[in-house]
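J.: All I have is the shape, not the residue letters:
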């Protein structure tokens, strides 16, 4: 994912950190949000939204690769950096090397685990990919960060 502009990053990070802190202080809330039924529902909702977004904007081939629905030919403003995974959908222009798809498949698994909670968790993890635990888990080298 592409780092967000500094002004947006600060505001989004503050909101995400508040959300994450609230969930950390309320174990039952955290357990409810991360319960597989809730998380999986969020994953499917994100996948549906990503598919609508990708299908509407893609002018390239849409197919399945590495467990991802890959929407190629999307305009650059529709995704961050070389591509963005939303649920099981990978939005990109043409960044589809096997290594990148492996990296994005890890993000798909993260979406499955956290559901919609993945959004504030990812933002709270920071815009610097080298210190963002989700990017590190997905392998910075495969993602083209190093």
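T.: Ah, there it is. Quick caveat, the model's predicted, so the values are computed rather than measured.

J.: Pairing partners for residue 65 in the sheet, please.
T.: On the basis of DSSP bridges, residue 65 takes part in beta bridges with residue 68.

J.: That one: neighbouring residues, count only.
T.: Counted by other CB atoms under 10 Å, the residues lying close to residue 65 total 13. Glycine gets a C-beta too; all of them are placed from N, C-alpha and C.

J.: Equivalent analysis for residue 103, please.
T.: For residue 103, the neighbour count with other CB under 10 Å is 25.

J.: confidence score at it?
T.: You'll see residue 103 listed with a pLDDT of 98.

J.: Could you check how far it is from residue 74?
T.: Residue 103 sits 17 Å away from residue 74, going by CB to CB, to the nearest Å.

J.: Which parts of the protein are helices?
T.: Taking DSSP state H to define them, one finds helices in the chain at 6-25, 27-34, 36-57, 98-114, 118-124, 133-138.

J.: want to try JSON lines for those helices, with distance to residue 145 as columns?
T.: What follows is the helices of the chain, written out as JSON lines (distance: least, CB to CB, whole Å):
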{"stretch": "helix 6-25", "distance to residue 145": "17"}
{"stretch": "helix 27-34", "distance to residue 145": "27"}
{"stretch": "helix 36-57", "distance to residue 145": "22"}
{"stretch": "helix 98-114", "distance to residue 145": "9"}
{"stretch": "helix 118-124", "distance to residue 145": "15"}
{"stretch": "helix 133-138", "distance to residue 145": "7"}
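
J.: Figure out which of these is closest to residue 78.
T.: Of all those, it is helix 36-57 that lies closest to residue 78, at 4.9 Å by CB to CB.

J.: Quick check: mean pLDDT of that closest one?
T.: Per-residue scores along helix 36-57 average to 96.
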